[in-house]
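J.: compute the structure for the input listed below.
(chains A, B, C and D)
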2 protein chains.
Amino acid sequence: MDTVTIKDIARLAGVSCATVSRVLNGTLTVKPENREKILTLCRQYGYRRNLLARSLSAGKTGLIGCILSDLDNPLFAEMSLALEQYARLHDYRVLLCHGRVEDNNIDNLFDFLIGHRVDGIILASSSRQASALIHQYIVHVPIVLQGSLNIFQPDPDISSVCVDSLTGGRISAEYLYQLGHRKVAYLGARENNYSHVFRRKGFIDAAQQLGMSVRDISNSTNSSTTQVGYHLARRFFFDPYQETAIFAACDAIALGVMSAAKELHISIPDDISLMGFDNISYAGLPNIRLSTIDHQAKQVAEAAMSCLLTQIENSKASVQTILIPPVLVERSTCQRC
Amino acid sequence: MDTVTIKDIARLAGVSCATVSRVLNGTLTVKPENREKILTLCRQYGYRRNLLARSLSAGKTGLIGCILSDLDNPLFAEMSLALEQYARLHDYRVLLCHGRVEDNNIDNLFDFLIGHRVDGIILASSSRQASALIHQYIVHVPIVLQGSLNIFQPDPDISSVCVDSLTGGRISAEYLYQLGHRKVAYLGARENNYSHVFRRKGFIDAAQQLGMSVRDISNSTNSSTTQVGYHLARRFFFDPYQETAIFAACDAIALGVMSAAKELHISIPDDISLMGFDNISYAGLPNIRLSTIDHQAKQVAEAAMSCLLTQIENSKASVQTILIPPVLVERSTCQRC
DNA sequence: CTGTTAGCGCCTTCAA
DNA sequence: TTGAAGGCGCTAACAG
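T.: Below you'll find the model as predicted:
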């Protein structure tokens, strides 16, 4: 492919590269006549700056690497959109990457991003391993965690932004209590996932305070898919149970619960109520109408990006831990009992 | 942030940059002793190659730009995953970008990608404007369209990969015919979208051949969301209708139809049957169970990427037009009538 | 097996 | 207002 460089344009215009560079960068000290000539030439020859060379020389790329674990989860799709839009507003571009902290090739991804000299990285994860990973790379590039750290043992070196899981759990407990539920189950927490763990803690603490009993059914796999929810729920429904409501660790899990219930002719909410967490777009679909807790994905993403950008632009900006309050979404899967 | 370069390593190891470069690139002609020393030093100092410099010097980046219009559509999420995995298998990395052909800042995106010297671009779109856009940029970088061109007036310069919409439409018509439907509606085609238009054509041609009547309800907005489907369906249901089945231009539209039907107490499939197109993950959800035509997203994505990579590696590779056969997915929204 | 040199395309002093 | 020169970090060709 033809590749016209700044040198070509300079030659064509009868000036030096420096002058071309000046008009490209909007430096005003160029004779208008030359400026026009150069601009025309650029258009005419389809010249476009080599951003690699530019970044190399400038020492910055204007690129933010965003690592998301599951683009097929609508929650992450929503987040990626918000991250991108916010970044563009501030003249950064986003490099969207699939990748989960537990992958054994996650190092490749960081190497790629750092190798490309991204100006910063957003890591969307609530895995327990996230903080170790961040420590490993934060000496090379600013990183903000979009997800939960261990809030009871805060890490003084890592900035993070997350929905407030503790509060979310409490809201859910209070809502179910108020509907008359006294025996409930928390289904699907992965021990490795701080968000799950804190949602559960918030839920259980509040429940016990209100005098509700909570049965804890955790998820020993390493993913939170509808499939997993389905299997956990089947096992739950298989034995006799007295719980009148289930709080699922996330909406995907809740969808699996619905699936299992339907198969076993258990009606939701007539036979048992169900709450999710996240408010993914699936949840609002006709015939689903899952009651849930909104993750505030857009706000979380914007806060995370904003936090990262200040770190980039002011390297001694202080470490922050931001919690965004979640919001109850009442739909049709919870009933008075 | 500390940035250790090849020069630092060279100095530390007491060799020249060339030697360091050699071990980094696996050139074997380096004294094992030096190789070890260098490798250790690299690890020790957390050295990582500057990929900008490398690409600049090499004249290639190993990057593929992928432009998708809707990452929140599960279909595109699926495609993006497949694109990425296939590319990685062949030692390329993917730059995932949101962007639709109709956006007035789509040029920015191409400029960004070309400026970063991606080795190729996949444009996922079926818009009528796509081919003009591609013509504008294909002089700078190989581009493959993942989506439909005007198949009746093939463009000799553009390679494209797409699910076979004509066949998909026909399959749908035959399926509905075989279930006894004789009056059907095609709902939601956007005139600007070749996929929609050809799905419709395949559907209508086959239907007429079978002696079915088809009512065409097109979508005059510029997006195919559940919202839009909802509104189109409300209008459809508002007046008396004799159709016993609806074929929606895509699953998202179909979901909107379900939503409207539910609201109006019209039962699907008891009162009217419904078919979608795409088989997005929503479609298989419990309580949705939409009958549809599978888009073969993974195959399409892999074929598109494969086609692009051959163009990149062999600049005189011939232009290709690949059609992937779609597959009927029977679920619960179509009934014998 | 290794060092020197030149160059990838751009930007930024420094002089003029 | 402009040009020359040097450098960003890496690779490749050519000597040795």
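
J.: separation between A:Thr214 and DNA strand C?
T.: Residue A:214: Val, not Thr. Distance, A:Val214 to DNA strand C, by Cβ to the nearest atom of the strand, to the nearest Å: 60 Å. The way it works is simple: take the backbone N, C-alpha and C, and place the C-beta from them, glycine included.

J.: just the element for that residue, please.
T.: strand A:213-218 (DSSP states H and E).

J.: again with A:Gly202
T.: Element membership for A:Gly202 (DSSP H and E) is helix A:194-209.

J.: hey, C-alpha coordinates of that helix in PDB?
T.: Extracted in PDB, the C-alpha atoms of helix A:194-209 (Å, rounded to 0.1, in the frame of the first residue of the first chain):
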ATOM      1  CA  TYR A 194     -15.000 -10.400  46.100                       C
ATOM      2  CA  SER A 195     -18.200  -8.900  44.700                       C
ATOM      3  CA  HIS A 196     -20.100 -12.100  45.300                       C
ATOM      4  CA  VAL A 197     -18.600 -12.500  48.700                       C
ATOM      5  CA  PHE A 198     -19.500  -9.000  49.800                       C
ATOM      6  CA  ARG A 199     -23.000  -9.200  48.300                       C
ATOM      7  CA  ARG A 200     -23.400 -12.200  50.400                       C
ATOM      8  CA  LYS A 201     -22.000 -10.700  53.500                       C
ATOM      9  CA  GLY A 202     -24.200  -7.600  53.100                       C
ATOM     10  CA  PHE A 203     -27.200  -9.900  52.600                       C
ATOM     11  CA  ILE A 204     -26.500 -12.300  55.400                       C
ATOM     12  CA  ASP A 205     -25.700  -9.600  58.000                       C
ATOM     13  CA  ALA A 206     -28.800  -7.700  57.300                       C
ATOM     14  CA  ALA A 207     -30.900 -10.800  57.100                       C
ATOM     15  CA  GLN A 208     -29.800 -12.000  60.400                       C
ATOM     16  CA  GLN A 209     -30.300  -8.700  62.000                       C
END
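
J.: mind listing what's buried along that helix?
T.: A:194-204, A:206-207 (16 or more other Cβ atoms under 10 Å in any protein chain shown).

J.: can you give me the strands in chain A?
T.: Along chain A, counting by DSSP state E, strands occupy A:63-68, A:93-98, A:120-124, A:143-146, A:159-163, A:183-189, A:213-218, A:245-248, A:273-275, A:292-294, A:321-324, A:327-329.

J.: gap between the residue in the stretch 101-250 of chain A that chain B sits nearest to and A:His295?
T.: For the stretch 101-250 of chain A and chain B, the shortest gap (Cβ to the nearest Cβ) falls at A:Gly115, measuring 4.0 Å. Distance of A:Gly115 to A:His295, given as Cβ to Cβ, to the nearest Å: 32 Å.

J.: of the two, which one has the most company?
T.: A:His295 (25 against 18; other Cβ atoms under 10 Å in any protein chain shown).

J.: so that one sits against A:Asp278, correct?
T.: Yes: counting by Cβ atoms under 8 Å, A:His295 does reach A:Asp278; the two are 4.6 Å apart.

J.: just to revisit the earlier point, per-residue confidence at the residue of the stretch 101-250 of chain A closest to chain B?
T.: For A:Gly115, the pLDDT comes out at 96.

J.: rewinding a little: what residues are shared contacts of A:His295 and A:Asp278?
T.: Contact with both A:His295 and A:Asp278 is made by residues A:Leu75, according to Cβ atoms under 8 Å, 6 or more residues apart in numbering or on different chains.

J.: interface residues of the stretch 51-200 of chain A facing chain B?
T.: Proximity of the stretch 51-200 of chain A to chain B, by Cβ under 8 Å from any Cβ of the partner chain, involves residues A:51-53, A:55-56, A:61, A:71-72, A:74, A:77-78, A:80-81, A:84, A:93, A:95-98, A:111-112, A:114-117, A:139-142.

J.: what's the neighbour count on A:Leu41?
T.: 18.

J.: likewise A:Pro156?
T.: 6.

J.: before we move on, what about the one 5 residues further on?
T.: By other Cβ under 10 Å, the residues close to A:Val161 number 26.

J.: that one and A:Ser126 touch, don't they?
T.: No: counting by Cβ under 8 Å, A:Ser126 is not a contact partner of A:Val161; they are 11.6 Å apart.

J.: hmm, back to that, quick one: which of the buried residues of helix A:194-209 is nearest A:Pro286?
T.: If you rank those by distance to A:Pro286 using Cβ to Cβ, A:Arg199 comes first, at 26.9 Å.

J.: distance check, the closest one against B:Leu24.
T.: 45 Å.

J.: what does A:Ala77 give?
T.: 37 Å.

J.: which one's more surrounded, these two?
T.: Neighbours were counted for A:Ala77 and for B:Leu24 using other Cβ under 10 Å; A:Ala77 has more, 25 against 18.

J.: can you name the residue of the stretch 51-200 of chain A nearest to DNA strand D?
T.: A:Ser57 (3.6 Å; Cβ to the nearest atom of the strand).

J.: distance check, that residue against DNA strand C.
T.: 4 Å.

J.: related to what we said a few turns ago, which of the residues of the stretch 51-200 of chain A next to chain B fall in helices?
T.: A:51-53, A:55-56, A:74, A:77-78, A:80-81, A:84, A:111-112, A:114-115 (DSSP state H).

J.: name the residues of stretch A:29-49 that are buried.
T.: Buried, per 16+ other Cβ under 10 Å, within stretch A:29-49: A:30, A:34-35, A:37-39, A:41-42, A:47-49.

J.: what residues does chain A have near DNA strand C?
T.: By Cβ under 7 Å from any atom of the strand, the residues of chain A that approach DNA strand C are A:3, A:5-7, A:17-18, A:21-22, A:24-25, A:49-50, A:53-54, A:56-58.

J.: distance of A:Ile158 from B:Gln153?
T.: 57 Å.

J.: compare the two (neighbour count), which wins?
T.: A:Ile158 (19 against 7).

J.: tally of neighbours for A:Arg93?
T.: A:Arg93: 20 neighbours (other Cβ under 10 Å).

J.: what's it in contact with, if anything?
T.: By Cβ under 8 Å, 6+ apart, the contact list for A:Arg93 reads A:62-64, A:87, B:112.

J.: which of those sits closest to DNA strand C?
T.: The closest of these, once distances to DNA strand C are taken by Cβ to the nearest atom of the strand, is A:Gly62, at 11.7 Å.
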